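Enquirer: what's the 3D shape of this:
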Amino acid sequence: MQMQKTRVRQSMRSIIKILFGLLWLSWPIHAQEAPTDRLNARVDSLAEETTTLDKIVKQLSKFKVSAYIQGQFQYGQEDASLKVGGDNEHEDKGFNRFGIRRGRVKFEYNDGIGTGAVQIEVNDKGVSFRDLYIGIKDPWLKRNQLMAGIFNRPFGYEVSYSTSSLESPERATVIQYFFPDERDLGAMLTLRTREDSPLNFLKLDAGIFAGNSINRETDNRKDFIGRLGAEKKIGNWGQWGAGFSYYNGGVYNPTTTAYELQDKRFVAIDKGKTGTYMKREYFGLDAQFSFRSGWGKTTIRGEGLIGTQPGIATSSKSPNSGTRPENLPENALYKRPFIGYFFYLIQDIGDSPFSAVVKYDAYDPNTGVKNNEVGRENSFTSEVDLAQSTVGVGAIYRFNKHIRVQAYYEFNFNETSDFVSGYEQDRKDDVFTLRLQYKF
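Expert: Residues are numbered from 1 along each chain as shown. Below you'll find the predicted structure:
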């Protein structure tokens with residue numbers, strides 16, 4: 001009996017040991033199952049978060065903000081006109097000014113088909129806007145586009161060339177006079193062929209514009225502006241480009257009288273009523289060529305305009321006002337045949353951050369008269385009809401892709417006439433500009 005009890009106790013001990021053994025063997029399995037489940041759940045969660053972040057990044061990549069600021073110091077001779085600060089306080093001395101030439105910020109959203117953009121201008125004269133447009137590309141090639149709003153006029157090469165990249169402080173004289181603010185209110189169609197087409201280097205821009213710069217429209221007339229351009233690379237060492245531009249429009253005449261040039265003088269033409277228009281027509285050619293050598297990159301650009309520009313007695317500039325001119329004698333239009341042209345030579349110094357710049361800029365607002373033919377009695381001509389030219393020499397140093405310093409000296413020359421006060425000889429109006437630009 002005692003032996004039977006002993007066997008029972010031994011059997012119980014064996015069963016307990018087996019149960020504990022099974023329990024011990026099963027513990028790592030249960031202990032590992034929980035962390036593995038949690039890890040898998042965490043991986044799934046991270047995958048979802050990554051997908052969400054990817055969607056957000058893709059949306060943000062469609063939105064772009066860019067800006068640049070140009071602060072500058074300018075010195076001018078006594079007859080000069082500077083782009084910053086006020087006029088010269090001394091009649092017989094040179095003067096200098098500090099100022100913010102441009103401070104621009106642009107907001108743009110591009111989803112691949114549609115584009116919307118707003119650009120704000122801030123400088124020492126105040127705050128205004130520059131770009132305000134929408135663009136819609138074709139959904140197939142995405143190389144053709146319809147734009148509407150306020151944007152760069154499609155004429156020539158320099159009009160749309162950003163002033164943050166310009167190698168001289170300002171655009172050419174004829175561009176400043178005829179395309180104030182560079183932009184206009186209108187609609188434009190851009191046409192290009194497929195990328196695999198032999199004509200893919202061609203681009204046609206054509207549009208209808210109000211003809212009044214960034215200001216509101218004031219009449220029913222529209223101007224046509226168009227450019228056929230070409231651009232192509234030459235291997236891996238060069239590139240060329242060229243374009244032909246045409247402008248056909250009109251300028252509102254608030255008076256019953258307009259003036260046309262006949263026999264070296266302006267003659268009054270009775271229009272019989274107010275509110276007529278004088279034709280505004282430009283033809284333009286532009287060309288660009290750049291290549292790389294042991295000297296660095298060399299760029300040559302040139303552009304020329306010829307045609308007819310209506311202006312008033314005291315200015316040959318294009319209209320740039322949000323209101324129609326009043327019916328006053330001084331607002332009568334003068335029809336002037338003109339020519340303007342300019343050339344750049346930009347030489348990068350090897351692989352250094354230095355570039356040397358030489359520019360020649362010429363503008364003749366009235367090719368029908370010259371020198372002492374201007375200012376004669378009863379000719380109705382004045383200093384506005386005298387030609388002017390500029391030789392500019394400068395240098396650019398780029399600290400990095402954001403910061404650059406620009407030094408530039410302009411030797412300004414003017415046509416002379418013994419019959420125009422203050423223009424009997426070349427005026428003292430040279431200008432030196434030192435500019436610091438930050439772009440981001």
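
Enquirer: quick one: the helices in the chain?
Expert: With helices called from DSSP state H, the chain shows them at 2-61, 173-178.

Enquirer: quick check: mean pLDDT of the first one?
Expert: Helix 2-61 shows a mean pLDDT of 60.

Enquirer: try stretch 304-314
Expert: Across stretch 304-314, the average pLDDT comes to 97.

Enquirer: how distant is that stretch from the center of its chain?
Expert: For stretch 304-314, the separation from the chain centroid amounts to 24 Å (computed by CA atoms, centre = their mean, to the nearest Å).

Enquirer: do stretch 429-437 as well
Expert: For stretch 429-437, the distance from its own C-alpha centre to the chain's C-alpha centre is 20 Å (CA atoms, centre = their mean).

Enquirer: if you count neighbours, what's buried in it?
Expert: For stretch 429-437, a neighbour-count test (16 or more other CB atoms under 10 Å) marks 429-433, 435, 437 as buried. Glycine gets a C-beta too; all of them are placed from N, C-alpha and C.

Enquirer: mind checking how far the nearest residue to F73 once chain neighbours are set aside is from Q70?
Expert: Once flanking residues are discounted, F73 sits nearest to L434: 4.7 Å by CB to CB, 6 or more residues apart in numbering. Distance of L434 to Q70, computed by CB to CB, to the nearest Å: 11 Å.

Enquirer: ok, E91 next?
Expert: Counting by CB to CB, the gap from E91 to Q70 is 29 Å.

Enquirer: who has more neighbours, these two?
Expert: Shown here are E91 and Q70; by other CB atoms under 10 Å, Q70 has more neighbours (23 against 7).

Enquirer: contact partners for that one?
Expert: By CB atoms under 8 Å, 6 or more residues apart in numbering, the contact list for Q70 reads 100-103, 163-164, 435-437.

Enquirer: ok so, going back, the residue nearest to F73 bridge partners, please.
Expert: Under DSSP bridges, the beta-bridge partners of L434 are F73, A407.

Enquirer: same question, A117
Expert: Per DSSP bridges, the residues bridged to A117 are E108, Y133.

Enquirer: correct me, but it touches K106?
Expert: Yes. Between A117 and K106 there is a contact under CB atoms under 8 Å: 6.4 Å.

Enquirer: just to revisit the earlier point, any chance of the contacts of Q70 in TSV, with pLDDT and distance to K203 too?
Expert: Shown next, in TSV, are these (pLDDT from 0 to 100; distance: CB to CB, whole Å):
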residue	pLDDT	distance to K203
I100	95	34
R101	96	30
R102	96	27
G103	96	31
T163	95	22
S164	96	22
R435	98	31
L436	98	34
Q437	98	29
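
Enquirer: export only the CA atoms of stretch 361-381, formatted as PDB.
Expert: This file holds the C-alpha atoms of stretch 361-381, laid out as PDB (Å, rounded to 0.1, in the frame of the first residue of the first chain):
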ATOM      1  CA  ASP A 361      22.500 100.700 -77.000                       C
ATOM      2  CA  ALA A 362      21.200 103.100 -79.600                       C
ATOM      3  CA  TYR A 363      17.800 104.800 -80.000                       C
ATOM      4  CA  ASP A 364      16.700 107.400 -82.600                       C
ATOM      5  CA  PRO A 365      13.100 108.400 -81.900                       C
ATOM      6  CA  ASN A 366      12.800 110.400 -85.200                       C
ATOM      7  CA  THR A 367      14.800 109.200 -88.200                       C
ATOM      8  CA  GLY A 368      13.300 111.900 -90.300                       C
ATOM      9  CA  VAL A 369      15.400 114.600 -88.800                       C
ATOM     10  CA  LYS A 370      18.900 114.900 -87.400                       C
ATOM     11  CA  ASN A 371      21.300 117.300 -85.700                       C
ATOM     12  CA  ASN A 372      20.600 120.900 -86.600                       C
ATOM     13  CA  GLU A 373      17.400 120.000 -88.400                       C
ATOM     14  CA  VAL A 374      15.900 119.500 -84.900                       C
ATOM     15  CA  GLY A 375      14.600 122.500 -83.000                       C
ATOM     16  CA  ARG A 376      14.300 124.900 -86.000                       C
ATOM     17  CA  GLU A 377      11.600 127.500 -85.900                       C
ATOM     18  CA  ASN A 378       8.100 126.200 -86.700                       C
ATOM     19  CA  SER A 379       9.400 122.600 -87.100                       C
ATOM     20  CA  PHE A 380       7.600 121.500 -83.900                       C
ATOM     21  CA  THR A 381      10.700 119.300 -83.200                       C
END
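
Enquirer: would you mind measuring from the closest residue to G311 other than its chain neighbours to P365?
Expert: Nearest non-adjacent residue to G311, counting by CB to CB, 6+ apart: Y334, 5.7 Å away. Computed as CB to CB, the Y334 to P365 distance reads 10 Å.

Enquirer: and for the two, which residues touch both?
Expert: With CB under 8 Å, 6+ apart, Y334 and P365 have common neighbours G311.

Enquirer: pretty sure G85 contacts Q74?
Expert: Yes. With contact defined as CB under 8 Å, G85 reaches Q74; the gap is 7.4 Å.

Enquirer: shaky segments in this protein?
Expert: Residue ranges of the chain with pLDDT under 70: 1-35, 44.

Enquirer: now do the longest strand anywhere in it: which elements does it pack against?
Expert: Taking DSSP state E as the criterion, the chain has its longest strand at strand 276-293. Under the contact definition 3 or more CB pairs under 8 Å, 6 or more residues apart in numbering; DSSP states H and E, strand 276-293 sits against strand 223-234, strand 238-253, strand 296-311.

Enquirer: with mean neighbour count and distance to V391 added, can I get those strands in JSON lines?
Expert: Shown next, in JSON lines, are the helices and strands packed on strand 276-293 (neighbours: other CB atoms under 10 Å; distance: least, CB to CB, whole Å):
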{"stretch": "strand 223-234", "mean neighbour count": "16", "distance to V391": "28"}
{"stretch": "strand 238-253", "mean neighbour count": "19", "distance to V391": "24"}
{"stretch": "strand 296-311", "mean neighbour count": "19", "distance to V391": "15"}
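
Enquirer: closest to N327 out of these?
Expert: Nearest to N327 among the helices and strands packed on strand 276-293 is strand 238-253 (9.7 Å), distances taken as CB to CB.

Enquirer: just checking, what packs against that closest one?
Expert: strand 223-234, strand 276-293, strand 296-311.

Enquirer: contact partners of the shortest one?
Expert: The set of residues that contact strand 223-234 without belonging to it, under CB under 8 Å, 6+ apart, is 153-157, 184, 186, 188, 201-211, 239-250, 280, 284, 288, 291.
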